[in-house]
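J.: here is my input; please provide its structure:
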Amino acid sequence: MGLEIREATMSDHSAVIDLIDKNGMHDYLPALYPHLVSDPDNFPFVATLHGRVAGYMMASVLDGGLTTLYRSARVGSSFRGMGIQKALLKHLKQFSSEQQPSHMYDTLSSTDRHVENCSHLRAVGYRPVYTREGLQMVYQIPTSPPERAGEDNSGRQIQVRELTRSDLQRMFQANSFCRELFPQGRLFNWYVGYRLMEENIRHLVRPWGGVFASFQDSRTSTFSSSGTTIGISTSSSVTCERDPGNSLDFYFPYNVAMVTFYNCHRSTYGAFYSLDTYAMPGLSRDHFQAHLRHNLKTLRRRFPGQRAALALTFDTTVSKECVTSCLSELGISELLPHQEKRQILYEKPA
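T.: Model prediction:
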């Protein structure tokens, strides 16, 4: 049928964006395509039919070369049903086996909204290795500047601090700590799975994304509080470290109680902000509330006055009831249509 597949270039930007249908109002490709195409860990390809760009897909090399993630598949509406996505995936797998012969795993992600896709992945040997609960909200970003430090007293006992790449490196090297905070042995953020490896850190801290941490009492790893816990864990008591600077110096990362990873970009909808939460069991809900406020301030600084889609994921250490109640306290209660209740990471041996 005259289908050709070649590497995508910067000059394909407009043609690739034209593949996005009217339901892709939160799509990241319009904003991030130049960054993704120029990233040496990404291998983007387009499928052309009679000279027209008909499809796009990308392979991302993760985990220091151990894992290849196939992602960002887009096929123009007038080209669907022709096997273009299947041809792109076949080409990418062949390319990956030649360029990364030592890679051990192939991964793809999906959601509970795509039941047929999930069934197909299982049929061809993929198995779910990580599932996170999700919630997507509408948020009207205020036009006023965010409060200065110290003005928001609602969570003043909980210190939230943005981590650097060096901080994450120290965190990932603390094996016993990571087994507690990340029991799956990996992250699953913004539809991408990462093993806890130094090679992945540059994908986690970048111009459109980063990570925040809050801290427990540096003198103990026991959590207790008279307040409501954020997850399904039993009650415990929480004492928060008041000096995060010293925390990073002397106790980090063993005093970390919760981390949130974020990614944000402009979209045709307005702004898009993903927020992925990982927490030690039994924390006070004040930790999540403090993280939520801190992330909303970040969103307000970047996109003041815009409408935003706020996409959150969490697992069993943070209950959905906690998430919705904390959002409600900040006036965020409107759900986006077409909710994705679960994000699922699939993997199979290469």
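
J.: ramachandran coordinates for the closest residue to residue 307 other than its chain neighbours?
T.: Distances taken as C-beta to C-beta, 6 or more residues apart in numbering put residue 270 closest to residue 307, at 3.7 Å, once the chain neighbours are dropped. Quick note: C-beta positions are derived from backbone N, CA and C, even for glycine. As for residue 270, its main-chain torsions (degrees, to the nearest 10) stand at phi 150, psi -110.

J.: residues in contact with residue 270?
T.: Contacts were defined as C-beta atoms under 8 Å, 6 or more residues apart in numbering; by that measure residue 270 touches 303, 306-309.

J.: okay, it and residue 305: tell me how far apart.
T.: In this view, residue 270 and residue 305 are 10 Å apart by C-beta to C-beta, to the nearest Å.

J.: cool, residue 64 as well?
T.: Distance from residue 64 to residue 305, by C-beta to C-beta: 41 Å.

J.: ok, now residue 135?
T.: Distance, residue 135 to residue 305, using C-beta to C-beta: 24 Å.

J.: ok, now residue 58?
T.: 32 Å.

J.: next: residue 74.
T.: Distance of residue 74 to residue 305, given as C-beta to C-beta: 30 Å.

J.: between the two, which one's more packed in?
T.: residue 74 (23 against 12; other C-beta atoms under 10 Å).

J.: helices of the stretch 101-250 of the chain, start to end?
T.: Per DSSP state H, counting those that start in this stretch, the stretch 101-250 of the chain carries helices over the ranges 115-123, 165-173, 175-181, 201-204, 244-246.

J.: just give me the lowest mean pLDDT stretch among those.
T.: Lowest mean pLDDT within the helices of the stretch 101-250 of the chain: helix 244-246, at a mean of 44.

J.: for the stretch 1-150 of the chain, which spans come out with low pLDDT?
T.: Scanning the stretch 1-150 of the chain for pLDDT under 70 picks out 1, 23, 145-150.

J.: for stretch 94-104, how far is the first residue from the last?
T.: Terminal residues of stretch 94-104 lie 14 Å apart, using C-alpha to C-alpha, to the nearest Å.

J.: wait, I meant stretch 330-344
T.: In terms of C-alpha to C-alpha, the two terminal residues of stretch 330-344 are separated by 29 Å.

J.: and the contacts of that stretch?
T.: 23, 109-113, 118, 128, 130-139, 188, 191, 292-293, 296, 309-310, 313, 324, 327.

J.: list the buried residues for that stretch?
T.: 332, 336, 340, 342-344 (16 or more other C-beta atoms under 10 Å).

J.: on that earlier part again, for the helices of the stretch 101-250 of the chain, give me TSV that also has distance to residue 17.
T.: Output for the helices of the stretch 101-250 of the chain, formatted as TSV (distance: least, C-beta to C-beta, whole Å):
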stretch	distance to residue 17
helix 115-123	23
helix 165-173	30
helix 175-181	38
helix 201-204	23
helix 244-246	41
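
J.: most neighbours, which of the contacts of residue 270?
T.: residue 308 (23 neighbours).

J.: by contact count, what packs against the host helix or strand of that residue?
T.: Per DSSP states H and E: residue 308 is located in strand 307-314. When contacts are defined as 3 or more C-beta pairs under 8 Å, 6 or more residues apart in numbering; DSSP states H and E, strand 307-314 packs onto strand 127-140, strand 271-279, helix 320-329.

J.: how does this protein divide into domains?
T.: 3-103, 133-343 (automatic domain parsing).

J.: need the ones you listed in JSON lines (columns: distance to residue 124).
T.: Output for the domains of the chain, formatted as JSON lines (distance: least, C-beta to C-beta, whole Å):
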{"stretch": "domain 3-103", "distance to residue 124": "10"}
{"stretch": "domain 133-343", "distance to residue 124": "18"}
